[in-house]
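# Structure, please.
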Amino acid sequence: EHPIPVGDLTVTKSSDPVSGTQVALGDVISYTLTFRNTGDGPADVNHIDSLLGALDDGTVTSAPTASSDVLTVSDVDATTGSFTIDGTIPAGETVTVTYEVTVNDTITGDRNLVNVLLEGDVPPTEPPTACEPELPGQVDCTEHPIPVGDLTVTKSSDPVSGTQVALGDVITYTLTFANTGDAPVTVNHLDSLLGALDDGTVTSAPTASSDVLTVSDVDDATGSFTIDGTIPAGETVTVTYEVTVNDTITGDRNLVNVLLTGDVPPTEPPTTCEPPRESQVACTEHPIPVGDLTVTKSSDPVSGTQV
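Residues are numbered from 1 along each chain as shown. So this is what the prediction gives:
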């Protein structure tokens with residue numbers, strides 16, 4: 001008998017950090033493809049590694065390189081986002097292919113770097129968004145989600161918006177910034193009191209419940225203050241202040257207070273919350289009721305009657 005030695009190829013893909021680990025902007029992911037021939041004969045390699053689902057959020061910063069020249073590794077194709085690995089591995093040998101991808105500094109894709117190793121040389125035409133379900137010919141897959149901050153911003157007041165207020169009353173305002181996401185989120189907002197300070201005065205300055213947010217003083221010229229900073233995942237920060245209605249009518253009898261994204265204050269004082277201004281997040285208003293006096297004079301007997 002004359003046995004023919006047979007190659008036995010095992011192919012795996014690993015990453016550092018391991019697949020499933022969340023990554024942040026600017027992080028580096030190191031990938032290793034391992035081709036191990038545990039058989040008695042040579043084993044052919046004909047594989048393609050698709051980065052199509054990773055390069056929407058990352059950039060190759062260290063090109064794929066094989067640990068032995070028995071494997072030929074192509075460049076990453078700019079169109080398909082993939083590279084090929086071909087060659088023959090002798091019996092008992094192991095060859096690795098390594099490369100690195102750096103997560104982009106800004107979110108540019110679907111926030112998940114999916115990287116798929118396949119048999120053959122035909123790249124997928126659509127970028128995979130997850131390792132499951134598997135693609136045809138899939139050998140191994142890694143994915144690294146980018147956690148996302150989710151900022152919810154609200155504004156409330158006591159008494160509630162729409163309530164009539166009298167001269168000398170105090171209105172307490174609360175701005176709430178809640179990050180319900182998995183990553184830090186940036187706050188860049190402006191609160192305009194321009195439509196309130198014609199009838200009121202700030203008697204308790206804006207203060208944040210946490211030093212992760214910086215709150216400016218109320219600017220005398222624009223009647224506004226800014227709120228800036230970064231809120232960690234899962235945290236909520238509030239900003240509170242008070243306005244006291246002036247003792248005499250000095251404005252349009254409606255205290256309108258507008259929270260906006262960005263840092264550009266309105267140039268004209270709003271007189272109502274509707275229609276909303278550009279980049280308006282929330283608005284409150286508190287009308288000051290106006291008396292309407294009618295004065296008449298009558299007589300009995302009526303005027304003109306002879307007496």
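# Show me the strands in the stretch 201-307 of the chain, by range?
213-215, 224-231, 236-245, 254-261, 280-287 (DSSP state E, counting those that start in this stretch).
# Most tightly packed of these?
Using mean count of other Cβ atoms under 10 Å, the stretch among the strands of the stretch 201-307 of the chain with the largest mean neighbour count is strand 254-261, at a mean of 23. Where C-beta positions appear, they are placed from N, C-alpha and C, glycine not excepted.
# returning to that earlier point: out of the strands of the stretch 201-307 of the chain, which comes closest to Asn37?
strand 224-231 (50.4 Å; Cβ to Cβ).
# Dump the strands of the stretch 201-307 of the chain into JSON lines; add mean pLDDT and distance to Leu52 as well.
Formatted as JSON lines, the strands of the stretch 201-307 of the chain follow (pLDDT from 0 to 100; distance: least, Cβ to Cβ, whole Å):
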{"stretch": "strand 213-215", "mean pLDDT": "98", "distance to Leu52": "39"}
{"stretch": "strand 224-231", "mean pLDDT": "98", "distance to Leu52": "32"}
{"stretch": "strand 236-245", "mean pLDDT": "98", "distance to Leu52": "38"}
{"stretch": "strand 254-261", "mean pLDDT": "97", "distance to Leu52": "34"}
{"stretch": "strand 280-287", "mean pLDDT": "97", "distance to Leu52": "37"}
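# want to throw those strands into a markdown table with distance to Val45?
Below are those laid out as a markdown table (distance: least, Cβ to Cβ, whole Å):
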| stretch | distance to Val45 |
| --- | --- |
| strand 213-215 | 55 |
| strand 224-231 | 47 |
| strand 236-245 | 53 |
| strand 254-261 | 53 |
| strand 280-287 | 56 |
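# SS state for the residue nearest to Asp44 when sequence neighbours are not counted?
Leaving out its chain neighbours, the residue that sits closest to Asp44 by Cβ to Cβ, 6 or more residues apart in numbering is Thr88, at 5.4 Å. What DSSP: H, G, I helix; E, B strand; the rest coil gives for Thr88 is strand.
# Verify the stated contact: Thr88 with Gly39.
No: in this structure, Thr88 is not within contact of Gly39 by Cβ atoms under 8 Å, at 12.0 Å.
# Neighbour count: these two, which is higher?
Gly39 (17 against 14; other Cβ atoms under 10 Å).
# residues making contact with stretch 179-190?
Contacts of stretch 179-190 with the rest of the structure, by Cβ atoms under 8 Å, 6 or more residues apart in numbering, involve 22, 24, 146-153, 175, 177, 213, 224-237, 259-265, 281.
# Name the nearest residue to Val70, sequence neighbours excluded.
Gly87 (5.1 Å).
# And the one you found, how far from Phe35?
Computed as Cβ to Cβ, to the nearest Å, the Gly87 to Phe35 distance reads 9 Å.
# Tell me which of the two has more neighbours.
Neighbour tally, Gly87 and Phe35, criterion other Cβ under 10 Å: the higher count belongs to Phe35, 24 against 19.
# Next, report how far the helix or strand harbouring the more buried one is displaced from the centre of its chain.
Element membership for Phe35, per DSSP states H and E: strand 28-37. Relative to the chain's own centre, strand 28-37 is displaced by 32 Å; criterion: Cα atoms, centre = their mean, to the nearest Å.
# All good on my end, thank you.
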